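Participant: Sequence plus predicted model, see below.
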Amino acid sequence: MRILIVDDSAMMRAMIKRVIKLTDVPVDTILEASNGEEGLALLRAHDVHLLLTDINMPVMNGAEMLRAIARDDRWRGLSRVIISTDGSTVRREEAARLDVRCYLEKPFSPEVLRDVLTEIADGRLAGTDPQ
Amino acid sequence: MSSPKSRMAALQALIHSDAAAAALFDAVRCVAERSFFSVAEPGHDEVFDLEARRVPKWLSATVRFEQGGLAGSVSCTLPELLAHSLFDAFTGRDPAEPPPTSDLLVDVVGEFSNMVCGAWLTRVASGRAFTLSRPRVEPTSHVGAIGDVRVLAAIDDRPVAVDVCVRT
């Protein structure tokens, strides 16, 4: 599995990478971007299977990136997970319309992220909220 | 159905209420426990003042929020020593590894504040999608002025002040 993490906090990306490495999920490559624009560039250049993205970011936020992804058929098979401090019902409803499989609200424990990754790798997760 | 104006008034009243302060502490505790494996307890003025006098260096992180005419900020001020232990907890740093650089300490305090701000807004106004700014983190020698809402806490026995300022 090839995973892309999009978050403007280098520390948050490092924490997510650490959790990914602690799971049994087979991962080939973990790519990183610090905003939606960089994220889209990496998606165009690589065959990514799972996207983990924040919402509030500079340059291009996560919602704008997800809208761009939803408009393009080439990313139809991409699993999308939001990891954000924004737990509003408005954002969650928008995420559901953008084919986001899981909305993970910060703060979260590493175990919750591990379970989400494992369930996606097993193909079991479909639009659920683990919290 | 209530008008946007009356909903705004209701939200402003909520933000200035005791419920907002309770929600702010709950947000701090939730962030400390879930992401930083730390214990957060309510702080008290006298104890906070006493502990604060012993702190040589603080870091203060401010996150601004805005949506539809309602805007404000959440500021978390905490000892630099606590930032070190939060970094270790968050990243799982091994004691044998080099200590975090000042940039990484800024990042961890910013992320802490970002989470507190988001968790608090979710508790007091979950029907609104706020835009949050990047955290602005600054070193300081003292805890700043009290905001519209202030919560004192002790995280791992170290003093923390969280202030919310609201403007419309």
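Facilitator: Structure's in. What do you need? Quick caveat, the model's predicted, so the values are computed rather than measured.

Participant: drop to CA atoms for contacts and neighbour counts, all remaining ones
Facilitator: Fine.

Participant: and stretch A:28-48, does that touch chain B?
Facilitator: No: judged by CA under 8 Å from any CA of the partner chain, stretch A:28-48 and chain B are separated, with a smallest distance of 12.0 Å.

Participant: how far is that stretch from where the chain is centred?
Facilitator: 11 Å (CA atoms, centre = their mean, to the nearest Å).

Participant: repeat for stretch A:108-125
Facilitator: Offset of stretch A:108-125 from its chain centre (CA atoms, centre = their mean): 12 Å.

Participant: pLDDT averaged over that stretch, what's the number?
Facilitator: The pLDDT scores in stretch A:108-125 average 83.

Participant: same check, this time on stretch B:85-99
Facilitator: Mean predicted confidence for stretch B:85-99 is 90.

Participant: Also stretch A:1-9?
Facilitator: The model assigns stretch A:1-9 a mean pLDDT of 94.

Participant: How about stretch B:141-159?
Facilitator: 90.

Participant: what does that stretch contact?
Facilitator: B:16, B:20-21, B:24-25, B:32, B:38-45, B:48, B:51-52, B:56-58, B:77-79, B:82, B:160-166 (CA atoms under 8 Å, 6 or more residues apart in numbering or on different chains).

Participant: how does it look with 7 Å?
Facilitator: Stretch B:141-159 has contacts (CA atoms under 7 Å, 6 or more residues apart in numbering or on different chains) with B:16, B:21, B:24-25, B:38-44, B:48, B:51-52, B:56-58, B:77-78, B:82, B:160-166.

Participant: Which of those residues fall within strands?
Facilitator: In strands, defined here by DSSP state E, the members of those are B:40-42, B:58, B:77-78, B:160-166.

Participant: Distance to B:Pro99 for those residues - can I get that in a markdown table?
Facilitator: Formatted as a markdown table, the ones in strands among the contacts of stretch B:141-159 follow (distance: CA to CA, whole Å):
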| residue | distance to B:Pro99 |
| --- | --- |
| B:Ala40 | 24 |
| B:Glu41 | 27 |
| B:Pro42 | 29 |
| B:Trp58 | 18 |
| B:Thr77 | 21 |
| B:Leu78 | 18 |
| B:Val160 | 22 |
| B:Ala161 | 25 |
| B:Val162 | 26 |
| B:Asp163 | 29 |
| B:Val164 | 31 |
| B:Cys165 | 34 |
| B:Val166 | 36 |
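
Participant: Lowest pLDDT pick from these?
Facilitator: Scoring the ones in strands among the contacts of stretch B:141-159 by pLDDT puts B:Val166 last, at 84.

Participant: Can you flag the buried ones in the ones in strands among the contacts of stretch B:141-159?
Facilitator: B:40-41, B:58, B:77-78, B:160-166 (16 or more other CA atoms under 10 Å in any protein chain shown).

Participant: would you turn the residues you listed into TSV with distance to B:Gly144?
Facilitator: Listed next are those as TSV, based on distance: CA to CA, whole Å:
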residue	distance to B:Gly144
B:Ala40	21
B:Glu41	21
B:Trp58	10
B:Thr77	8
B:Leu78	11
B:Val160	12
B:Ala161	9
B:Val162	10
B:Asp163	9
B:Val164	12
B:Cys165	12
B:Val166	16
